[in-house]
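Asks: let me see the structure of the following:
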Amino acid sequence: MKKIAVYPGSFDPITYGHLDIIKRGLTIFDEIIVAVANNSQKNSLFSTEERVKLIQDVLKEERRVTVDTFSGLLIDYVASKGAHVIIRGLRAISDFEYEFQIAQMNSSIGREIETLFMMTSLQYGYLSSSIVKEVCSLNGDIDSFVPAEIKSALKAKYGLA
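Replies: Residues are numbered from 1 along each chain as shown. This is a model prediction of the structure:
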């Protein structure tokens, strides 16, 4: 039986920190589904479709990763994909407190789905999509935060291309 995990998030945009979690997750799982949250209440820079396309472009060489979208309860989405694990990246204790509550809620729904917390690699501990967007909007150097495809898309969004 294939070991499938779902790595959910907004990925607005995906960063090297996210990609690090995916790469390390592939040492544990046979397949990872990157599930882009479709949340109309969130004010995202990129549309859901744009985020999916950007992630697909960045991960085009990785055959064991698929990119999809979801709305509604994550736990229902994970079950519909035949996965049994949700991957969540943690940067700090503040991330853990929030993620722990969500994992407990998912567990209380009674599904046979586990949450795997992965600590972000030290070099990405400070990195977030929000920081990347802010630095880029101010025309700062984001080469060490995101792949070239993401940098180009960000600069185009901010009219800096």
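Asks: quick check: buried residues in the longest helix anywhere in the chain?
Replies: Longest helix of the chain, by residue count under DSSP state H: helix 93-108. By 16 or more other Cβ atoms under 10 Å, the buried positions in helix 93-108 come out as 95, 99, 103, 106. C-beta coordinates here come from the backbone N, C-alpha and C atoms, glycine included.
Asks: same thing with stretch 42-52?
Replies: Buried positions in stretch 42-52, judged by neighbour count with 16+ other Cβ under 10 Å: 44-46, 48, 50-52.
Asks: out of the residues you listed, what pair is the most spread apart?
Replies: Using Cβ to Cβ, the pair of the buried residues of stretch 42-52 lying farthest apart is 45 and 52, separated by 14.2 Å.
Asks: tell me the mean pLDDT over stretch 39-48?
Replies: What stretch 39-48 shows for mean pLDDT is 86.
Asks: equivalent analysis for stretch 70-88, please.
Replies: In this model, stretch 70-88 has an average pLDDT of 94.
Asks: endpoints of that stretch, how far apart?
Replies: 16 Å (Cα to Cα, to the nearest Å).
Asks: show me how far it is from its chain's centre.
Replies: Distance of stretch 70-88 from its chain centroid, counting by Cα atoms, centre = their mean, to the nearest Å, is 13 Å.
Asks: name the helices or strands packed onto the helix or strand where residue 156 lies?
Replies: Taking DSSP states H and E as the definition, residue 156 sits inside helix 148-157. Using 3 or more Cβ pairs under 8 Å, 6 or more residues apart in numbering; DSSP states H and E as the contact test, the elements touching helix 148-157 are helix 48-58, helix 129-137.
Asks: looking at the ones you listed, which is buried most?
Replies: Highest mean neighbour count of the helices and strands packed on helix 148-157: helix 48-58, a mean of 19 (counted as mean count of other Cβ atoms under 10 Å).
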